[in-house]
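Colleague: Just the structure for this:
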Amino acid sequence: MSLLVLLLIPVLGYATFFWLNSKINGELALAGLEVTAHKFCSSSFADIWVSAGMGLADLNSACEEIRPILWLGDASLYSGIASAIFLILVIVLAKFSGTNRIRLSSIFSFLVPISLIFISISTLVQGGIVTYSLYAIQVNLMGAWYPLVTLGLGLGALIVAFAVIKAALSINRQISMNQMAIDADEGKYPELWKFVRDIADKIDAPVPNNIVVGLEPTFYATSANVRALLSDKNLSGETLYISLPLMRLFSIEEFGAVVGHELGHFKGSDVQYTMKFAPLYRALTTAVNSAADQDRIMSIPALSVLNFLLEQFSKSEREISRQREFEADRVGAEATSQTALCAALIKITAFSNLWGELSHDVIENLEYGRPIKNMSKLYASRVAFDNDTNVAEKILQENLNYMVSHPTDTHPTLSERLKNLSVTDDLSYLNMGFLANSSLGLIADAENLETELTDVQQKIYQYTGIAKYETKKPEDAEKSYGVARLIQVAAAVMVCADGDVQPSEITEAEAKGKNMISLFNSLEFRESCLSPETLPTIKELSKLAQKIFNKEQIDQITQFLTDIASADGKISKEEEVFIKSLRGK
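Modeller: Predicted coordinates for the structure are as follows:
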């Protein structure tokens with residue numbers, strides 16, 4: 001199909017040339033000149049013409065009209081031949097490179113620049129072919145021509161060619177990316193750096209030049225320049241991105257496995273592949289997008305060839321990406337253990353959608369004028385409180401064919417990765433709750449860092465217009481929110497009363513709380529449960545409730561709290577004390 005598209009304009013041009021050339025040859029025959037148009041405008045015929053006593057000016061005048069037609073034929077013929085040769089060459093080189101990453105990156109290093117230059121020149125040439133063909137057809141069939149339409153095609157070809165050339169010039173430009181993160185300087189976070197260094201030494205991988213930490217629930221290592229937005233720094237070299245919410249859910253061993261996996265991408269031939277192939281593949285995809293964005297007729301041939309080039313190598317690229325991920329998984333397993341890596345992969349994959357859901361709820365909270373404090377804690381709570389191993393297993397089955405998003409390549413499915421690690425279907429090793437010794441302990445003052453990142457993230461939602469702050473805030477917000485928050489705090493005190501936060505109690509409190517009062521806020525409620533040290537005492541809360549609510553309301557709240565306390569199948573002594581205190585006993 002690509003060959004047909006690429007040959008369409010040369011065929012059109014050559015057909016136009018053939019028609020006009022036949023017409024000229026017929027006119028020359030009628031004039032008694034037994035000569036073709038090519039011969040008529042040759043230097044040898046000029047000598048014959050002059051020797052016959054004919055004026056050279058007349059010959060030159062006639063040839064000024066004929067030569068563009070002859071050039072049209074030559075350009076169409078050679079453009080078609082060059083296009084066919086180019087496409088055949090791409091097919092051969094793609095077959096030759098196969099899934100050998102060294103061979104592929106080496107071939108790409110010269111093929112992509114040459115291809116982009118060829119496509120630019122071809123676009124210009126074909127633009128000239130189609131422009132002159134339309135001009136000649138209009139003049140010869142209609143006796144007039146329409147410059148706006150005709151020259152518009154030529155201008156379109158020029159614009160598309162420029163876009164492709166611009167992509168070619170970006171090949172050696174260092175990839176840059178912005179990340180909403182903080183630069184974890186080694187002087188400030190020595191324990192984290194020591195841990196990463198130990199993992200790097202164990203798997204014989206280079207230590208990253210930079211570590212950045214953020215809220216987005218993913219991990220990656222990259223050689224691109226990274227701008228850590230909260231530190232206002234441009235980081236070069238190899239950078240490791242670490243997710244604070246996932247660190248809350250990862251054990252030290254699971255965290256080490258993920259770090260080992262990411263650093264595994266900087267080992268051996270992976271480095272050359274990443275450094276050489278990734279920028280070239282990016283330049284090629286940029287060229288495709290640039291050509292597509294032009295939305296012009298002349299972008300069709302260029303886009304067809306660019307897509308053909310990508311298609312020929314994409315199969316190899318996907319297979320190599322799979323191999324890279326499998327190899328990095330093996331390295332990650334060596335860093336700690338297979339089960340640790342599998343547990344981390346399951347947590348990342350099965351609950352990846354929770355971040356989007358949390359972001360949606362945070363945005364809605366902002367529209368009600370109720371910002372939250374710590375998105376990292378809330379994300380972790382949605383995994384720890386809303387899911388157990390049985391739920392995790394169900395979600396896992398639904399996500400086995402899911403590919404984890406990654407900024408540089410395509411990952412194999414979770415099912416393929418678990419199979420490659422030879423881990424059984426038994427998920428007894430999977431701990432979905434909050435961990436007493438989570439990997440977050442490696443970061444000093446982590447909670448303040450999470451709070452700072454959360455504050456900036458909410459400001460971004462507002463500044464970009466994603467969240468329209470306080471647009472849904474009720475007129476009596478102070479009173480309404482005050483009542484809602486008092487009930488939320490009472491529910492949180494009950495959940496935390498016995499020192500054992502149970503997911504069943506969280507679920508009961510949120511379900512019954514929303515039925516009791518429409519402004520019951522699950523995010524604020526959870527933040528209270530996650531920070532029991534900020535909650536008032538039972539005595540303080542009971543005294544305040546009795547002051548604000550009447551007897552009927554106290555009875556309703558008491559029943560609400562009793563339902564929460566009994567959600568786990570028993571009411572503890574501490575919970576009974578709270579219920580009695582609220583009733584004034």
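Colleague: List phi and psi for A181.
Modeller: Dihedral pair for A181: phi -160, psi 170, per degrees, to the nearest 10.
Colleague: which one is it nearest to, not counting chain neighbours?
Modeller: G214 (3.4 Å; C-beta to C-beta, 6 or more residues apart in numbering). For glycine as for every other residue, the C-beta is placed from the backbone atoms N, C-alpha and C.
Colleague: contacting residues around the one you found?
Modeller: Contacts here follow C-beta atoms under 8 Å, 6 or more residues apart in numbering; on that basis G214 touches Q179, M180, A181, I182, Y241, I242, S243, L244, L453.
Colleague: how much space between the second one and P68?
Modeller: Shown here: M180 relative to P68, a distance of 57 Å by C-beta to C-beta, to the nearest Å.
Colleague: What of the fifth one?
Modeller: Plainly put, Y241 is 58 Å away from P68 if you go by C-beta to C-beta.
Colleague: The two: which is more packed in?
Modeller: For Y241 versus P68, neighbours defined as other C-beta atoms under 10 Å are more numerous around Y241 (23 against 15).
Colleague: Assumed the more buried one was part of a strand.
Modeller: Yes - applying DSSP: H, G, I helix; E, B strand; the rest coil, one finds Y241 inside a strand.
Colleague: what does the helix or strand hosting V196 contact?
Modeller: For V196, the host element (DSSP states H and E) is helix 190-203. Here helix 190-203 makes contact (C-beta under 8 Å, 6+ apart) with 184, 186, 205-208, 211, 240, 242, 252, 255-256, 259-260, 263-264, 267, 331, 334-335, 442-444.
Colleague: and L421, how many neighbours?
Modeller: Neighbour tally, L421, other C-beta under 10 Å: 18.
Colleague: Burial check on G356, number of neighbours?
Modeller: G356 is flanked by 10 other residues according to other C-beta under 10 Å.
Colleague: circling back: from the contacts of G214, pick the one nearest I81.
Modeller: Q179 (48.0 Å; C-beta to C-beta).
Colleague: State the distance from the residue nearest to that closest one when sequence neighbours are not counted to F313.
Modeller: With C-beta to C-beta, 6+ apart as the criterion, Q179 has its nearest non-adjacent residue at 5.5 Å, and that residue is V226. With distances taken as C-beta to C-beta, V226 is found 27 Å from F313.
Colleague: where exactly do the helices run in the stretch 151-300 of the chain?
Modeller: Along the stretch 151-300 of the chain, the stretches classed as helices by DSSP state H, counting those that start in this stretch are 190-203, 244-249, 252-263, 269-272, 278-294, 299-335.
Colleague: Tell me which of those sits nearest to L358.
Modeller: Smallest distance to L358 across the helices of the stretch 151-300 of the chain (C-beta to C-beta): 9.0 Å, for helix 244-249.
Colleague: chain center to that closest one: distance?
Modeller: Offset of helix 244-249 from its chain centre (C-alpha atoms, centre = their mean, to the nearest Å): 21 Å.
Colleague: what does stretch 218-232 give?
Modeller: Relative to the mean C-alpha coordinate of its chain, stretch 218-232 is positioned 14 Å out (C-alpha atoms, centre = their mean).
Colleague: Dihedrals phi and psi, the residue nearest to I252 when sequence neighbours are not counted?
Modeller: In this structure, I252 finds its nearest non-sequential neighbour in S439, 5.2 Å apart by C-beta to C-beta, 6+ apart. Note on S439: backbone dihedrals following degrees, to the nearest 10 are phi -70, psi -10.
Colleague: Let me know the pLDDT of S439.
Modeller: For S439, the pLDDT comes out at 94.
Colleague: number of nearby residues for it?
Modeller: Other residues close to S439 by other C-beta under 10 Å number 26.
Colleague: Now do the contacts for it.
Modeller: By C-beta under 8 Å, 6+ apart, the neighbours of S439 are M247, F250, S251, I252, E254, F255, G256.
Colleague: Which member of those is positioned nearest L378?
Modeller: M247 (14.6 Å).
Colleague: could you measure that closest one against E325, distance?
Modeller: Where E325 is concerned, M247 sits at a distance of 22 Å (C-beta to C-beta).
Colleague: just T451 next, same as before
Modeller: For T451, the distance to E325 (C-beta to C-beta) stands at 34 Å.
Colleague: neighbour count winner among those two?
Modeller: Comparing T451 with E325 by neighbour count (other C-beta under 10 Å), the higher total belongs to E325, at 23 against 17.
Colleague: Next, please give the residue ranges for the strands of this structure.
Modeller: Taking DSSP state E as the criterion, the chain contains strands spanning 176-179, 181-183, 210-214, 220-222, 225-228, 233-235, 239-243.
Colleague: Just send those strands back as TSV, with mean pLDDT and distance to V92 too.
Modeller: TSV is the format used below for the strands of the chain (pLDDT from 0 to 100; distance: least, C-beta to C-beta, whole Å):
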stretch	mean pLDDT	distance to V92
strand 176-179	83	34
strand 181-183	93	44
strand 210-214	95	41
strand 220-222	87	33
strand 225-228	88	35
strand 233-235	88	41
strand 239-243	94	38
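Colleague: Ok, which of the ones you listed comes nearest S120?
Modeller: It is, among the strands of the chain and with distance given as C-beta to C-beta, strand 176-179, at 24.4 Å.
Colleague: re earlier: among the contacts of G214, which one sits closest to T123?
Modeller: Distances from T123 to those, taken by C-beta to C-beta, are shortest for Q179, at 35.9 Å.
Colleague: Columns distance to V139 on top of the contacts of G214, output as CSV?
Modeller: As requested, the contacts of G214 are exported to CSV (distance: C-beta to C-beta, whole Å):
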residue, distance to V139
Q179, 58
M180, 60
A181, 63
I182, 67
Y241, 62
I242, 68
S243, 66
L244, 70
L453, 67
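Colleague: Most neighbours out of those, which is it?
Modeller: L244 leads these on contacts (other C-beta under 10 Å) with 28 neighbours.
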